[in-house]
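J.: using only what follows, build the 3D model:
(one chain, ligands or ions: 1)
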Amino acid sequence: MKNFETQAIRNQTERTQYSEHSTPLYLTSSFVFDDAEDMRASFAEEKQRNLYSRFTNPNTTEFVDKIVAMEGAEAGYAFATGMSAIFSSFAALLNAGDHIVSCRSVFGSTHSMFTKYLPKWNIETSYFKVDEVDRVESLIQENTKILYIETPTNPAVDILDLEVIGNIAKKHNLIFIVDNCFATPYIQQPIKFGADLVIHSATKLIDGQGRVLGGVTVGKSDLIREIYLFARNTGPAMSPFNAWVLSKSLETLAIRVEKHCENALKVAQFLEEHKQVEFVKYPFLKSHPQYHTAKQQMKLGGNIVAFEIKGGLASGRKFLNNIKMCSLSANLGDTRTIVTHPSSTTHGKLSEEERLEVGITNGLVRISVGLENVEDIINDLQQALTA
Ligand SMILES: *Cc1c(COP(=O)(O)O)cnc(C)c1O
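T.: Numbers count the residues shown, from 1 in each chain. You can find the predicted model right below:
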């Protein structure tokens with residue numbers, strides 16, 4: 001088995017008669033057959049080949065094969081967005097009346113899926129907080145089918161113990177699904193700790209340059225088969241163009257993530273010393289409440305730093321207004337550093353109590369640390385904190 005970086009670069013679609021070095025873009029919606037028998041056998045899945053780009057395409061296959069190798073999975077499927085990967089995976093595996101156990105701290109749209117849409121099919125979700133892993137077993141019911149988490153969580157960068165939760169899933173025969181978006185497979189491979197499926201929004205660090213949307217689910221081949229058949233018929237496929245962009249992005253994932261994390265640690269250390277800052281949360285700072293778990297399951301601390309600015313809501317808004325170089329944007333995992341103030345923006349619709357339940361205090365600022373020179377990032381934060 002080749003090493004991680006090599007998999008990301010050398011897992012490549014077979015060369016065409018033109019002997020190209022870098023994989024071309026297969027911008028085609030369908031593929032042709034030699035004769036009636038070829039077409040019959042292909043549709044009957046007696047042959048493994050491309051039929052139609054809603055099913056597979058050489059570019060999406062290359063992208064998926066790389067993620068499968070990087071996550072240590074058996075199989076996978078690529079989606080148009082991270083949310084279509086999440087929704088399709090749940091929709092493919094659940095029946096009406098099934099039950100989910102999930103950590104409360106999940107991506108906003110995932111939370112809406114649990115609370116607004118899955119209940120339409122009588123699928124309910126029970127939640128535990130990040131510090132209530134000892135309650136997980138008591139939430140499991142006879143009809144529970146999926147145990148779902150994100151780690152690190154958004155935006156408070158809490159860490160959940162993958163091994164502990166993986167063992168609970170195994171004991172109760174649940175499908176353990178991990179959204180590994182914040183870590184990327186370079187930092188953390190949840191399958192090693194018992195995950196059955198791993199989901200990514202490829203829009204974030206996998207693209208890494210804020211260009212295209214994408215999503216992917218990888219894991220056990222029997223589960224992926226169900227998800228593939230669901231997607232093949234309902235149509236959330238990734239476009240070949242986006243797959244081509246994202247597969248190229250994976251070639252530099254390791255080196256980009258190394259630098260993101262190096263910059264993020266320096267930003268976290270700078271903030272920890274600053275007198276306008278109440279506290280800083282970064283998985284690889286000793287002060288992080290789950291530092292030891294982070295060290296056990298993550299290779300690096302990630303690129304997201306959260307900190308509490310003194311003075312609450314008003315100070316958070318003022319800080320954002322004083323930022324000069326960094327971007328105010330909803331994305332993360334970009335080359336450009338992005339700052340957000342969740343309690344007045346992404347999570348503004350929640351009540352203060354609901355926000356506090358998921359670790360979003362009034363002055364919490366989230367920084368997605370980019371690849372600019374870290375001195376320039378720190379200087380911008382410094383002037384905005386003192387302005
Ligand atoms: C962005 C994000 C998603 C959704 O991905 P899209 O590509 O925007 O649909 C899901 N989970 C996490 C943790 C995310 O950050």
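J.: any idea how many residues pack against the nearest residue to residue 107 once chain neighbours are set aside?
T.: The shortest distance from residue 107 to any non-neighbouring residue, by CB to CB, 6 or more residues apart in numbering, is to residue 154 (5.8 Å). C-beta: built from backbone N, CA, C; applies to glycine. Number of residues near residue 154 (other CB atoms under 10 Å) recorded here: 25.
J.: and the lowest-mean-pLDDT helix or strand in the chain, what's buried?
T.: Each helix and strand of the chain was given a mean pLDDT (mean pLDDT, DSSP states H and E); the minimum falls on helix 352-357 at a mean of 86. In terms of neighbour count (16 or more other CB atoms under 10 Å), helix 352-357 has its buried residues at residue 355.
J.: quick one: contacts of it?
T.: Identification of contacts with helix 352-357 by CB atoms under 8 Å, 6 or more residues apart in numbering yields 104, 129, 342, 343, 347, 361, 362.
J.: next SSE downstream of it?
T.: As assigned by DSSP states H and E, the chain's next helix or strand after helix 352-357 is strand 364-368.
J.: state the pLDDT value of the residue of the stretch 51-200 of the chain found nearest the ligand.
T.: Per CB to the nearest ligand atom, residue 82 is where the stretch 51-200 of the chain lies closest to the ligand, at 2.3 Å. At residue 82 the predicted local confidence, pLDDT, stands at 98.
J.: you'd agree it is up against residue 199?
T.: Yes: counting by CB atoms under 8 Å, residue 82 touches residue 199, with 7.2 Å between them.
J.: can you count the residues close to residue 327?
T.: 16.
J.: hang on, it packs against residue 336?
T.: Yes: in terms of CB under 8 Å, residue 327 counts as a neighbour of residue 336; the distance is 5.3 Å.
J.: quick check: closest non-adjacent residue to residue 64.
T.: residue 76 (4.4 Å).
J.: the one you found sits in which helix or strand?
T.: strand 75-79.
J.: neighbours of the residue in the stretch 101-250 of the chain that the ligand sits nearest to, how many?
T.: Distances between the stretch 101-250 of the chain and the ligand by CB to the nearest ligand atom are smallest at residue 201, namely 3.0 Å. By other CB under 10 Å, the residues close to residue 201 number 27.
J.: for residue 75, what are its contacts?
T.: Counted by CB under 8 Å, 6+ apart, residue 75 has contacts 68, 218, 219, 220, 221, 224, 225, 228.
J.: for the stretch 201-350 of the chain, what lies in contact range of the ligand?
T.: Residues of the stretch 201-350 of the chain that fall close to the ligand, judged by CB under 6 Å from any ligand atom: 201, 203, 204, 213, 215.
J.: nearest to residue 87, of those?
T.: Nearest to residue 87, judged by CB to CB, of those is residue 215 at 9.5 Å.
J.: spatially, what comes nearest to the residue of the stretch 51-200 of the chain closest to the ligand if we skip its sequence neighbours?
T.: According to CB to CB, 6+ apart, the nearest residue to residue 82 is residue 201 (2.5 Å).
J.: hmm, back to that, name the SS class of the residue nearest to residue 107, please.
T.: coil (DSSP: H, G, I helix; E, B strand; the rest coil).
J.: hmm, residue 103 and it touching each other?
T.: No: using CB under 8 Å, residue 154 makes no contact with residue 103, being 11.1 Å away.
J.: now list whatever residues contact both of these two.
T.: By CB under 8 Å, 6+ apart, no residue touches both residue 154 and residue 103.
J.: just give me the neighbour total for residue 52.
T.: The number of residues near residue 52, taken as other CB under 10 Å, comes to 14.
J.: which phi and psi values does it adopt?
T.: Main-chain dihedrals, residue 52, degrees, to the nearest 10: phi -160, psi 140.
J.: just to revisit the earlier point, quick check on the contacts of residue 75: which are buried?
T.: 68, 218, 219, 220, 224, 228.
J.: strands - which of these land there?
T.: 218, 219 (DSSP state E).
J.: any chance of a markdown table for the buried ones among the contacts of residue 75, columns pLDDT?
T.: Formatted as a markdown table, these follow (pLDDT from 0 to 100):
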| residue | pLDDT |
| --- | --- |
| 68 | 98 |
| 218 | 98 |
| 219 | 98 |
| 220 | 98 |
| 224 | 98 |
| 228 | 98 |
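J.: reformat the buried ones among the contacts of residue 75 as JSON lines; add distance to residue 94.
T.: Output for these, formatted as JSON lines (distance: CB to CB, whole Å):
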{"residue": "68", "distance to residue 94": "23"}
{"residue": "218", "distance to residue 94": "19"}
{"residue": "219", "distance to residue 94": "16"}
{"residue": "220", "distance to residue 94": "16"}
{"residue": "224", "distance to residue 94": "15"}
{"residue": "228", "distance to residue 94": "16"}
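J.: what's the pLDDT at the residue nearest to the spatial centre of the chain?
T.: Most central in the chain under CA atoms, centre = their mean is residue 181, positioned 1.7 Å from the mean C-alpha point. Looking at residue 181, its pLDDT reads 97.
J.: cool, and residue 156?
T.: On the pLDDT scale, residue 156 gets 90.
J.: dihedrals phi and psi, it?
T.: According to degrees, to the nearest 10, residue 156 has phi -90, psi 0.
J.: again, but for residue 145
T.: Torsion angles, degrees, to the nearest 10, at residue 145: phi -120, psi -30.
J.: how much distance is there from the lengthiest helix in the chain to the middle of the chain?
T.: Longest helix in the chain, counting residues (DSSP state H): helix 253-273. Mean-position distance between helix 253-273 and its chain equals 18 Å (CA atoms, centre = their mean, to the nearest Å).
J.: same question for stretch 129-136.
T.: On CA atoms, centre = their mean, the centre of stretch 129-136 falls 21 Å from the chain's centre.
J.: also stretch 185-195?
T.: The answer for stretch 185-195 is 12 Å, by CA atoms, centre = their mean.
J.: before we move on, what about stretch 273-281?
T.: 27 Å.
J.: in it, what's buried?
T.: Neighbour-count burial for stretch 273-281 [16+ other CB under 10 Å]: 274, 276, 277, 279, 280, 281.
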